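Colleague: Everything below, folded, please.
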Amino acid sequence: MTQLSSHRLVRRGRIFPESQLTPEEKARREAEQEVFFQRCRVIFEQVRPNLIGEHYNWFIFIELDSGDYIIDPNRDAVLLKGRQKHPQKKSFIFRLNETGICGTIL
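Modeller: I've put the predicted structure just below:
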């Protein structure tokens, strides 16, 4: 009869430790994302006053290179429309309200 071992080997850590980003690479990517967000925010702030009255709490898809935007009350629909119109382009989604975000974390 085989005896079961009570000693269990616990493995912890990353699945692929060789693909871990360096702190410098993480900081560089975060800085690029922040610059992109700020550029999209400028377009959002320009169009928000015209759209917020009739389309409050709708979603707005902004493609930065062309300055084009798409609005829809459904987040998934606006994302789908935006991806169809601008495939392979980097974009950002805001919500048409006072802050541009969907909610707050308390």
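Colleague: make it CA atoms for all contacts and neighbour counts henceforth
Modeller: Fine.
Colleague: So which residues of the chain form strands?
Modeller: 59-63, 69-72, 91-95 (DSSP state E).
Colleague: As JSON lines, the ones you listed with mean neighbour count would be great.
Modeller: Listed next are the strands of the chain as JSON lines, based on neighbours: other Cα atoms under 10 Å:
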{"stretch": "strand 59-63", "mean neighbour count": "24"}
{"stretch": "strand 69-72", "mean neighbour count": "18"}
{"stretch": "strand 91-95", "mean neighbour count": "21"}
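Colleague: Quick one: closest of those strands to S19.
Modeller: Smallest distance to S19 across the strands of the chain (Cα to Cα): 25.9 Å, for strand 91-95.
Colleague: Tabulate the CA atom coordinates of the helix or strand bottoming out on mean pLDDT in the chain in PDB.
Modeller: The weakest-scoring helix or strand in the chain, judged by mean pLDDT, DSSP states H and E, is strand 91-95 (a mean of 90). Output in PDB follows, covering the C-alpha atoms of strand 91-95 (Å, rounded to 0.1, in the frame of the first residue of the first chain):
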ATOM      1  CA  SER A  91      -8.000  55.100 -28.200                       C
ATOM      2  CA  PHE A  92      -9.600  56.100 -24.900                       C
ATOM      3  CA  ILE A  93     -13.100  55.900 -23.500                       C
ATOM      4  CA  PHE A  94     -14.600  58.600 -21.200                       C
ATOM      5  CA  ARG A  95     -18.100  59.000 -19.800                       C
END
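Colleague: ok and that strand relative to strand 59-63, angle-wise?
Modeller: Between strand 91-95 and strand 59-63, the angle comes out at 160 degrees (axes from the mean of the first three to the mean of the last three Cα atoms, to 10 degrees).
Colleague: partner residues bridging the nearest residue to K90 once chain neighbours are set aside?
Modeller: With sequence-adjacent residues excluded and distances taken as Cα to Cα, 6 or more residues apart in numbering, K90 is closest to E63, at 6.7 Å. E63 has the following beta-bridge partners by DSSP bridges: S91.
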